[in-house]
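structure, please.
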Amino acid sequence: EGGVFTFGAGGYGQLGHNTTNHEINPRKVFELMGNVVTQIACGRQHTLAFIPSSGKIDSFGLGGNGQLGTWSTYNRKSPAPVKGQWKAYNSPTPVEAETEQIYCVKRIYAGGDQSFAHCPYPQNVSPPEDLRMHNCDHHVLTLKDDLIQKWLSHGHGRLSPEMTDEIDLVFSSASCLNGSFLSLSHPDHYSTSSKCSGVDANMARTLFHRLIQPDYPHVSDQVAASLEKNLIPNLSSSPPDIEALRLYLTLPQCPLFSNPNTYITLAIPFAKAVVSLKEAPLKVLGNWWSQMEPAVFQELVQLYKEVVVYLLRMKKVGIPPSEHRMFTCFLNACLTFLEILHSVNERAGQIIQYDRFYIHELEELVDIRNDYVTWIQQQMFSMVMDSQVTLCKFPFIFDAQAKTTLLQTDAVIQMQMAVDQAQRQNFSSLFVSGGTVNPCLILIVRRENVVGDTLEVLRKSKNVDYKKPLKLKVVLVAPKDYLINCLSVNRLIIILDKTIDCHIVCKLQNFNKGTMEVIFVGEEAVDAGGVRKEFFLLIMKELLDPKYGMFRYFEESRLIWFADKTFEEVDLFHLIGVICGLAIYNLAIVDLNFPLALYKKLLKKIPTLDDLKELMPEIGRSLQQLLDYAEDDVEDTFCLNFTITVENFGATEVLELVPNGMNINVNNHNRQDFVDAYVNYIFNTSVAPLFNAFYAGFHKVCGGKVLELFYPNELQAMVIGNTNYDWKELEKSAEYKGEYWAEHPTIKLFWAVFHELPLEKKKQFLLFLTGSDRIPILGMKSLGLVIQPTGGGEHYLPVAHTCFNLLDLPKYNSHEILRKKLLQAIEHNQGFNLA
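Coordinates of the predicted model:
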């Protein structure tokens, strides 16, 4: 009927009801009654209405900038005619106006504080548009099957001007792409919200791959050109509406983005547009990303990981100085985009596994040690370097090996700082009274009292001493003044560095690489970690022995946990934490049979029922059954209350999990609370004083920002090693001495026999060779296996030097003899063969 209804904000009269009141319901504009209105246009706070019968325009609302066209800047609370010479379509021109310009309106527009009237010339060419009628020809062009088929039907030659313009229109317009790929499950675009994008990502991927094909390069080139020149550079940091964000989900599905040739022109500018978004639109995008299918989200993460690798390879090849700033901008944009995606992934409870963000190529492309030092300098001195991006700002891309390298670097820096502090103090003592200090932590321990001797030294040590390089001394007969401590190996072992003066017993090297060197008196040998491992394995085995009552052994899981009742002093747990920290700090693999919960707590993460299942499988399964029980009679079926029964030294005790827990029955509504309280008691409440002391001792040695980068399972793997065996890598990284080489007949026989061995025998070989059947977190290649020939003939067994990961292999001539002798050697090996 042509009536006009308005509602909403009316503070400036923009609703046309002769008032400035707001309207929560649609209300008819009475001033326009009797007129058929066919067009309405709304600005920021004003309204236009077109009446075709008279050809005139009415306006109302805010007029401070003249946007009402009434020749004044006053506001209007009711419709008033826009001044001008207007006439209706096909009406005769008044005689009195024949000498003046008369206008016939085709379409009105408004936006912001502006108003527009479109008047074609010559007059009466076409009637004004009637927006009450739906016109199928007037819609946003969107990417659909039929349009793609039309573009591809031209063949493989050059595109016609019409098709070029059409492709350019679609891919230069945010509106066209935002209107494309709408989900059929949400056919109405009004369903789009901060929680629902309304986009079908699978449809976008399908249509983009159908359009971008190697057989149609001209189409691909035109799409790329339109995106590069028109669309992406004009993306706003504050889009006008939620619907304008849809293209941020769909564009990365285009195959052009994953083409290395367009990283610089498409993928990276797109990342810059994303990270430039303001907080509100970025939050909406985060909600949408969190609802993506894992495979689609993974593709987006993988795309920008590959872009980062591409940029780092460019840097390694060499970048002209004039392009350094631009390169830094590119790399920072991509890493920041990945950081945003990582945050979304963590908030959503891990859409994909955290390790899917790892960039494994970092070790070969970046000097991680130098990057860490630069980052530390920036942190310490508040340095801002526009020309350099430190990857340590984005730790989520570091895999476990890279994190271990960071930890090594951090250890070396802290060791150097401790040594420097000691040397400064010693230098000062030359001029002022005061004693000198040793620049390293000295442990002199006896086998028969390895625990007591070590703890005695640690009790007397200061916090700064734990950061010093570790020095282990072993003598054949300990003099009286050495009875402080003495290690169990019949040699003198020094683990030191080249910055420390220790001219009597060792030469020092490789400190800048963070390695620990052992030089034996009278021998030319390099410590590959065997003796150091033996010290930590020996002392930890003794300390963690359940016979002392400090730790409880669980038969079913073969794991240990802190005993909730013990006669030992809490201070002892502090020292055990220090020793565990020293093992990590000095990169020694030790046999800690703790559940993953220990490493979670060390990293301030909360243990869960899954951790209880690992430590106490039977109880864990029972609690899971309680949670999974589907009936409504939990209380009658399980007959539980908020208590726990514990046994200590043969006595049974019932303890309350919560205040008054004895009188609180477990039912359908509180069973999750019961399970949470049970888990909390086992891992937290019952052992709080003991673990807190252990935690404090541990973090005195190796706490810090680098350790916080690790996930619990990674920290566990670094402490106890892992079982990611790669036997081919072991062979590939092996070195040979003397007349042995990779193609020597005996060596070929050895590897043929070795690869035929079952897994358990291979693990026994590792134990025989290195003192542990687990491998370092840095992988097989870090073992550094060395094989050398030895005399004596085929009747001799192979001999392993665990300190050096060195294998003495006699020259066997047959497959059978070599297999027999090797199995004899590894099966009768007990502990370390220190040859």
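
how far away is Leu823 from Leu767?
13 Å (C-beta to C-beta, to the nearest Å). For every residue, glycine as well, the C-beta is placed using N, CA and C.

what about those two, which has more around it?
A direct count of neighbours by other C-beta atoms under 10 Å for Leu823 and Leu767 places Leu767 higher, at 19 against 16.

that one - that's part of a strand, no?
No - assigned with DSSP: H, G, I helix; E, B strand; the rest coil, Leu767 falls outside any strand and is helix.

that one contacts Asp773, doesn't it?
Yes - at 4.4 Å, Leu767 and Asp773 qualify as touching, with contact defined as C-beta atoms under 8 Å.

quick check: His336 is in a helix.
Actually, residue 336 is Thr rather than His. Yes - Thr336: assigned to a helix according to three-state DSSP.

give the burial count for it, as a bare number.
Residues lying near Thr336 (other C-beta under 10 Å) number 19.

longest helix in this protein, by residue count?
helix 400-428 (DSSP state H).

pull out the buried residues from that helix.
The neighbour-count check on helix 400-428 (16 or more other C-beta atoms under 10 Å) flags 400-416, 418-419, 422-423, 426 as buried.

how far does that helix sit from the chain's center?
Mean-position distance between helix 400-428 and its chain equals 27 Å (C-alpha atoms, centre = their mean, to the nearest Å).

which helices and strands does it pack with?
helix 362-365, helix 368-381, helix 463-466, helix 712-720 (3 or more C-beta pairs under 8 Å, 6 or more residues apart in numbering; DSSP states H and E).

tell me the mean pLDDT for it?
Mean pLDDT, computed over helix 400-428, is 79.

before we move on, what about stretch 199-216?
91.

and stretch 107-114, what's buried?
For stretch 107-114, by 16+ other C-beta under 10 Å, it's 108, 110.

so how far is it from its chain's centroid?
Taking mean C-alpha positions (C-alpha atoms, centre = their mean), stretch 107-114 and its chain are 47 Å apart.

His17 reaches Pro26, doesn't it?
No - distance between His17 and Pro26: 11.4 Å, which falls outside the contact criterion (C-beta under 8 Å).

of the two, which one has the most company?
More neighbours surround His17 than the other of His17 and Pro26, with 20 against 10 (other C-beta under 10 Å).

so the nearest residue to the more buried one once chain neighbours are set aside bridges to which residues?
With C-beta to C-beta, 6 or more residues apart in numbering as the criterion, His17 has its nearest non-adjacent residue at 6.2 Å, and that residue is Arg27. Applying DSSP bridges to Arg27 gives these bridge partners: Thr6.

tell me the contacts of Arg27?
5-7, 15, 17 (C-beta atoms under 8 Å, 6 or more residues apart in numbering).

what's the burial count for the closest residue to Ser91 other than its chain neighbours?
Among residues not flanking Ser91 along the chain, Gly55 sits closest, at 7.0 Å (C-beta to C-beta, 6+ apart). Using other C-beta under 10 Å, Gly55 has 20 other residues around it.

how about the contacts made by Gly55?
With contacts defined as C-beta under 8 Å, 6+ apart, the neighbours of Gly55 are 86-89, 91, 104-105, 128.
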